[in-house]
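> Quick check, what structure comes out for this input:
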Amino acid sequence: MNSIRRFASAAWLSASLFGAGVAAHAQTTAPAPVPPVRPAPILSRWEKQVTAANAWREYPRPQMVRAQWQNLNGMWDYAITPRTAPAPTTFNGQILVPFCVESTLSKVNKALMPDQRLWYRRSVTVPQEWQNQRVLLHFGAVDYECSLWVNGGLVGSHQGGSDAFSFDVTDYLKAGDNQLLLGVLDPTSTGEQPRGKQLLNPNGIWYTPVSGIWQTVWMEPVPKQAYIEEVRLTPELDSSRVRVEVVLNEPANNATTAIRLTALDGKRTVATTLVRSGMTAYLNLKDPKLWAPDTPFLYDLKTELVTVQDPFGSTPRNQRPRQPAAVRAAYAKATVTGTALDAVNGYFAMRKISVGPGPIAGQPTLLLNNKVVFHNGPLDQGWWPGGLLTPPSDEAMIFEIDFLKKAGFNMLRKHIKVEPDRYYYQCDRLGILVWQDMPSGFLEGQNVAPGAQIEPLRRSLGMEQFELEFRRMIDRLYSHPSIVTWVVHNEGWGQYDNPRLAAWVKGLDPSRVINAVTGWNDQGAGDFYDIHTYEEEPNLPAAKSNRVIAIGEFGGIGWPIEGHLWNPSMRNWGYQTYHSADDVLKAYRKKYAKIVEYYQQKGLSSAVYTQTTDVEGEVNGLLTYDREVIKIPIKTLRQIHAPLLK
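Next comes the predicted model:
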């Protein structure tokens, strides 16, 4: 870990951040007393292994890896003050980043109230070899609103609790130590921002809030001028090619600036091309290897920003070809000069998700690579007893995905949470289909009741923020092959303008299927007719639909297991609760017998079982919250699911 250093001068910090007029007041500002959060009574085995030295050391963005970078996870100073107070000069103690302030793993375990501000402070030194380059400071996610100061200068601000963002801090840096100061506000359930299942007073299906930094923080150098900012990958299976859109941080209008793409199967180059910067490129693959849950093949991809000899030479600009195909053909033959200006490594997969005819005449179904594949998976909430929204490690995530695969699941529905990029990388690598929910956001009174036909009006500011963060989620996760479905609304939680939003998302990403609303209040939009049914036997009222039929939630078999409960003194609940392995297995077989029947006789395309793990007071997981007890043997689960995977 990088060492943590105190600010040399508290008075200098106060004056430089907030002006000399408030310096005296700032010097006397003490951290606010904050109520503790109950420490996690149970931890997963991976959470027990987390230390300041090993907390999330892997490069956090597997699809855009640069060779040089610096991990800033570890111990930072923290303080909690009234939100109207200036920056503190004394701090409460230290917090382990990237775990949120409420979590046990953060070593703080305190609540952040809506009228308070959470402060982070640490010192960093920029490596000597980064000189003459720009320096980007990246945050995987900060919940919810934050501002960054570097050496007393305000760099910028960000709103959004689930999306990655970056600041160019180059102009604020100096030789030697540099002080970072981050201030965070989080309204949690007093605001209508996207927040998923966080509630200030957690109970039932609502969980402990998450505030502040909860994903990896890191720095990396990039070229001083143009550099690669985005790489968007779209497999076009029917034409055996992948579409590649490389976006630079600034337009490169110079005809000698180009992008070189190299696709590899192991160490063997299988496709390569040069394209003028700012243009869409295509990599053609001969006999491409397809990605599917049983065969999750990934091609490696190297993306380079290069200079080339002008392929049109002395031809006057007004006589140069303007048709994209002609320009691509010319650049594909251009000569590269010198070394690459910037380079990132990533990967892609060849797969296609679509809707088409199924085994039941007239009933559309889900197709993967133009073949019928039933989507069988759990509702996966991604909460952990010690880290809350932050998984403890790669190994922990791999354990869960591997368990689901071995149990005969080929899909999971990521339930109103956005995971770190490395989670989706593991889904890509191990081979599991992902339905990705947009985290919901709303205030009391903004929910649509079951069966209601009217969607409540929402404030313009709330809609703007929801759609901004939705777009960010799609843009950030776009290139992950495991993600096959975007879920717009869960049940009636904050639901509004559902048909418009479904069409908007489809326009942003025509390469995936869209689940407009899962459960409760179908508006006839998107690719799915999706119901939730928590009866002892799942109920499917519709026999036919002009859209894919899905049971987006069912199950909920509760089994509280002593020694593995979040709060043994409370009522730990499931939609139906049992107290023995035999009763749980009997109920599970009964539910899945109906799913198989609906698949074979009514054209059901997918089923989502609630849920992967217990979460806080919910005990309807296939695993206990600490992931120590598998409630139904893996082999038995696979046998039960087998008819759906033929």
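
> Helices of this structure, start to end?
Ranges of helices within the chain are 10-18, 23-27, 324-332, 394-406, 421-430, 460-477, 498-508, 581-602, 634-641, based on DSSP state H.

> Find the one among those helices with the highest mean neighbour count.
Sort these by mean neighbour count, taking mean count of other Cβ atoms under 10 Å, and helix 421-430 sits at the top with a mean of 21. Where C-beta positions appear, they are placed from N, C-alpha and C, glycine not excepted.

> Could you give the separation of it from the chain centroid?
Put simply, helix 421-430 sits 10 Å off its chain's centre (Cα atoms, centre = their mean, to the nearest Å).

> Then stretch 424-442?
With Cα atoms, centre = their mean, you get 7 Å for stretch 424-442.

> Now distance to Gly492 and mean pLDDT too, for the helices of the chain, in JSON lines please.
As requested, the helices of the chain are exported to JSON lines (distance: least, Cβ to Cβ, whole Å; pLDDT from 0 to 100):
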{"stretch": "helix 10-18", "distance to Gly492": "44", "mean pLDDT": "34"}
{"stretch": "helix 23-27", "distance to Gly492": "46", "mean pLDDT": "33"}
{"stretch": "helix 324-332", "distance to Gly492": "45", "mean pLDDT": "85"}
{"stretch": "helix 394-406", "distance to Gly492": "28", "mean pLDDT": "98"}
{"stretch": "helix 421-430", "distance to Gly492": "27", "mean pLDDT": "98"}
{"stretch": "helix 460-477", "distance to Gly492": "14", "mean pLDDT": "96"}
{"stretch": "helix 498-508", "distance to Gly492": "10", "mean pLDDT": "97"}
{"stretch": "helix 581-602", "distance to Gly492": "24", "mean pLDDT": "97"}
{"stretch": "helix 634-641", "distance to Gly492": "30", "mean pLDDT": "98"}
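
> okay if I get those helices as CSV plus distance to Met113?
Supplementary listing: those in CSV, determined by distance: least, Cβ to Cβ, whole Å:
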stretch, distance to Met113
helix 10-18, 22
helix 23-27, 21
helix 324-332, 55
helix 394-406, 30
helix 421-430, 30
helix 460-477, 21
helix 498-508, 32
helix 581-602, 40
helix 634-641, 43
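
> which stretch among these comes nearest Tyr625?
Closest approach to Tyr625 among the helices of the chain is made by helix 394-406 (12.2 Å; Cβ to Cβ).

> tell me what the closest one is packed against?
strand 375-380, helix 421-430, helix 634-641 (3 or more Cβ pairs under 8 Å, 6 or more residues apart in numbering; DSSP states H and E).

> can you list the weak-confidence ranges in this protein?
Scanning the chain for pLDDT under 70 picks out the ranges 1-35, 445, 543.

> if we go to 50?
1-28 (pLDDT under 50).

> Who are the contact partners of Pro420?
Pro60, Gly140, Ala141, Gln215, Thr216, Thr390, Pro391 (Cβ atoms under 8 Å, 6 or more residues apart in numbering).

> coming back round to it: which of the helices of the chain sits closest to Trp383?
Comparing those by Cβ to Cβ, helix 394-406 comes nearest, at 11.6 Å.

> CA atoms only for that closest one - export them in PDB, please.
The C-alpha trace of helix 394-406 is given here as PDB (Å, rounded to 0.1, in the frame of the first residue of the first chain):
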ATOM      1  CA  ASP A 394     -12.100 -11.800  -7.100                       C
ATOM      2  CA  GLU A 395     -12.000 -15.200  -5.500                       C
ATOM      3  CA  ALA A 396     -15.300 -14.500  -3.700                       C
ATOM      4  CA  MET A 397     -17.100 -13.500  -6.900                       C
ATOM      5  CA  ILE A 398     -15.700 -16.500  -8.700                       C
ATOM      6  CA  PHE A 399     -16.900 -18.800  -6.000                       C
ATOM      7  CA  GLU A 400     -20.500 -17.600  -6.500                       C
ATOM      8  CA  ILE A 401     -20.500 -17.700 -10.300                       C
ATOM      9  CA  ASP A 402     -18.900 -21.200 -10.200                       C
ATOM     10  CA  PHE A 403     -21.500 -22.400  -7.700                       C
ATOM     11  CA  LEU A 404     -24.300 -21.200 -10.000                       C
ATOM     12  CA  LYS A 405     -22.900 -22.800 -13.100                       C
ATOM     13  CA  LYS A 406     -22.300 -26.100 -11.300                       C
END
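
> residues in contact with that helix?
With contact meaning Cβ under 8 Å, 6+ apart, helix 394-406 is reached by 44, 46-47, 58, 293, 377-378, 380, 384, 391, 412, 422-423, 426-427, 430-432, 612-613, 623, 627, 630, 634, 638.

> which of these are buried?
Listed as buried from those are 44, 46-47, 293, 377-378, 380, 384, 391, 412, 422-423, 426-427, 430-432, 612-613, 623, 627, 634; burial here means 16 or more other Cβ atoms under 10 Å.

> Roughly how far does Tyr425 sit from Ile398?
According to Cβ to Cβ, to the nearest Å, Tyr425 and Ile398 sit 10 Å apart.

> Take the helices and strands packed on helix 394-406 and lay them out in a markdown table including distance to Gly494.
Shown next, in a markdown table, are those (distance: least, Cβ to Cβ, whole Å):
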| stretch | distance to Gly494 |
| --- | --- |
| strand 375-380 | 18 |
| helix 421-430 | 24 |
| helix 634-641 | 33 |
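
> Grab the nearest non-local neighbour of Thr335.
Nearest residue to Thr335, sequence neighbours excluded (Cβ to Cβ, 6 or more residues apart in numbering): Gln309, at 4.7 Å.

> Contacts only, for that neighbour.
Residues near Gln309 by Cβ under 8 Å, 6+ apart: Thr256, Ala334, Thr335, Thr337.

> Whichever of those residues end up buried, select them in PyMOL.
Command for PyMOL that selects the buried part of these, burial taken from 16+ other Cβ under 10 Å:
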select buried, resi 334
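
> could you dump the contacts of Gln309 to a markdown table with distance to Gly183?
Below are the contacts of Gln309 laid out as a markdown table (distance: Cβ to Cβ, whole Å):
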| residue | distance to Gly183 |
| --- | --- |
| Thr256 | 44 |
| Ala334 | 48 |
| Thr335 | 51 |
| Thr337 | 46 |
